[in-house]
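In: Give me the fold of what follows.
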Amino acid sequence: MRNIFIFFSIFFFISSLFGNEEAIELARQKGYQAKLEKNYPNAINYYQEVLEINPDDYDAKLALGRLFILQKDFSSAREFFNLILSEDKTDLEAYYGLFRISELEKHYPKQIYYLKKILEYAPT
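Out: Numbers count the residues shown, from 1 in each chain. From the prediction side, this is the model:
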């Protein structure tokens, strides 16, 4: 009896993992499609759905940062790029996102700072 319980526990655990992966990929696809259609609010909702399932999803964080730039919500975009950098201080995509925000805000000292960071971690 105990072996059956262990088997079903493992089975349901693995099934839920695959179910989550399917839900993540579906939300990611819908988010990407919404972005292509320039429906940024829906794209943001789908990528936030990905983060609800997996809060560590790098691609969703990066996509949200970029989408918030397109929405001109620089504060939210900055939060996502800084979140990425808190996990990996060498992430070039996050530095580039922060550079873009600084560029759009015409904050030249910050642009220079972020460009220097990009060159520091990717000198070629």
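
In: what packs against the strand or helix carrying residue 94?
Out: Assigned by DSSP states H and E, residue 94 belongs to helix 92-104. Judged by 3 or more CB pairs under 8 Å, 6 or more residues apart in numbering; DSSP states H and E, helix 92-104 is in contact with helix 58-70, helix 74-87, helix 108-121. Glycine gets a C-beta too; all of them are placed from N, C-alpha and C.

In: Flag every buried residue along the last one.
Out: Across helix 108-121, burial judged by 16 or more other CB atoms under 10 Å covers 111, 114, 117, 118.

In: Setting the sequence-adjacent residues aside, check what's closest to the third one.
Out: Here the nearest residue to residue 117 in space, its sequence neighbours aside, is residue 95; by CB to CB, 6 or more residues apart in numbering that works out to 4.8 Å.

In: Give me the distance between the one you found and residue 45.
Out: Using CB to CB, to the nearest Å, residue 95 is found at 26 Å from residue 45.

In: Looking at these two, which one has more neighbours?
Out: Relative neighbour count places residue 95 above the other of residue 95 and residue 45, with 24 against 14, counting by other CB atoms under 10 Å.

In: is it true that that one touches residue 118?
Out: Yes. Assessed by CB atoms under 8 Å, residue 95 is found in contact with residue 118 at 5.0 Å.

In: least trustworthy helix or strand in the protein by mean pLDDT?
Out: Lowest mean confidence among the helices and strands of the chain (mean pLDDT, DSSP states H and E): helix 2-36, at a mean of 73.

In: buried stuff in the next helix or strand after that one?
Out: The helix or strand immediately downstream of helix 2-36 is helix 40-53, counting by DSSP H and E. With burial defined by 16+ other CB under 10 Å, the residues of helix 40-53 counted as buried are 40, 43, 44, 46, 47, 49, 50, 51.
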